[in-house]
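> the following block contains a protein sequence and its predicted model.
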Amino acid sequence: MADNTITCRLVTPSEELLNEQVTYASVPAWDGLIGFQHGGSPLVSRLGMGKLRLDFPAEAGSGSREYLVEDGFLEMGHNELVILAERAIAAEAIIESEAKAELAEAEARVVPDDAPNKLEAVEQITRAKERARLKISMAQNSKAVGI
């Protein structure tokens, strides 16, 4: 494989979704996007929720692939990026109608008056809405580019 690649592994508690060479990875950390490519400095960071974009070398057909990832950790070192995500799904596996139903459900949720931690309940609802909106966007984009 080309000298300008890194090995990228995407792992969830239930499976390894990816173990391939990439030329670039855009990863949603908890505090913003981080880009990785060959020769990068070692780093460990908390993973956020967002779109993981991976660019592949010409030998692998070039192009990009996207995943929705959420929570976990990432580690970059020795030209290997390991993403340990609590949840991950390939963009092409997201079903737009299901994502829209998730958004409708999240928007219908309310915090009960007797909730022990109202702030936490509000944060969970907000995160569910954000996740559903991201899924809708990714499903529409993957459909637009013919994935």
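That came through fine.
> which phi and psi does the closest residue to Pro112 other than its chain neighbours have?
Nearest in space to Pro112, with sequence neighbours left out and distances taken as C-beta to C-beta, 6 or more residues apart in numbering, is Ala121 at 7.6 Å. To be clear about C-beta, it is placed using only N, CA and C from the backbone, and glycine gets the same treatment. Backbone torsions of Ala121, given as degrees, to the nearest 10, read phi -60, psi -40.
> was I right to think Ala121 contacts Ala115?
Yes. Contact criterion C-beta atoms under 8 Å: Ala121 and Ala115 qualify, at 4.7 Å.
> so for the two, which residue has more residues nearby?
Set side by side, Ala121 and Ala115 show more neighbours around Ala121, with 15 against 12, by other C-beta atoms under 10 Å.
> contact partners for that one?
For Ala121, the contacting residues are Val111, Pro112, Ala115, taking C-beta atoms under 8 Å, 6 or more residues apart in numbering as the criterion.
> chain neighbours aside, what residue packs nearest to Val44?
Once chain neighbours are set aside, the closest to Val44 by C-beta to C-beta, 6+ apart is Glu75, at 5.0 Å.
> the one helix or strand that neighbour maps to packs against which elements?
In this structure, Glu75 is located in strand 64-77 according to DSSP states H and E. If you count contacts as 3 or more C-beta pairs under 8 Å, 6 or more residues apart in numbering; DSSP states H and E, strand 64-77 packs onto strand 6-11, strand 24-29, strand 43-55, strand 80-90, helix 118-144.
> quick check: domain ranges of this structure?
Listed domain ranges for the chain are 6-91, 95-144 (source: automatic domain parsing).
> mean pLDDT for these - can I get that in TSV?
What follows is the domains of the chain, written out as TSV (pLDDT from 0 to 100):
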stretch	mean pLDDT
domain 6-91	95
domain 95-144	93
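> of these, which stretch is the most buried?
For the domains of the chain, the stretch with the most neighbours on average is domain 6-91, a mean of 16; neighbours defined as mean count of other C-beta atoms under 10 Å.
> now do the contacts for Trp30.
Trp30 makes contacts with Ser45, Arg46, Leu47, Gly48, as judged by C-beta under 8 Å, 6+ apart.
> returning to that earlier point: what angle do the strand holding Glu75 and strand 24-29 make?
Between the direction of strand 64-77 and that of strand 24-29, the angle (axes from the mean of the first three to the mean of the last three C-alpha atoms, to 10 degrees) works out to 70 degrees.
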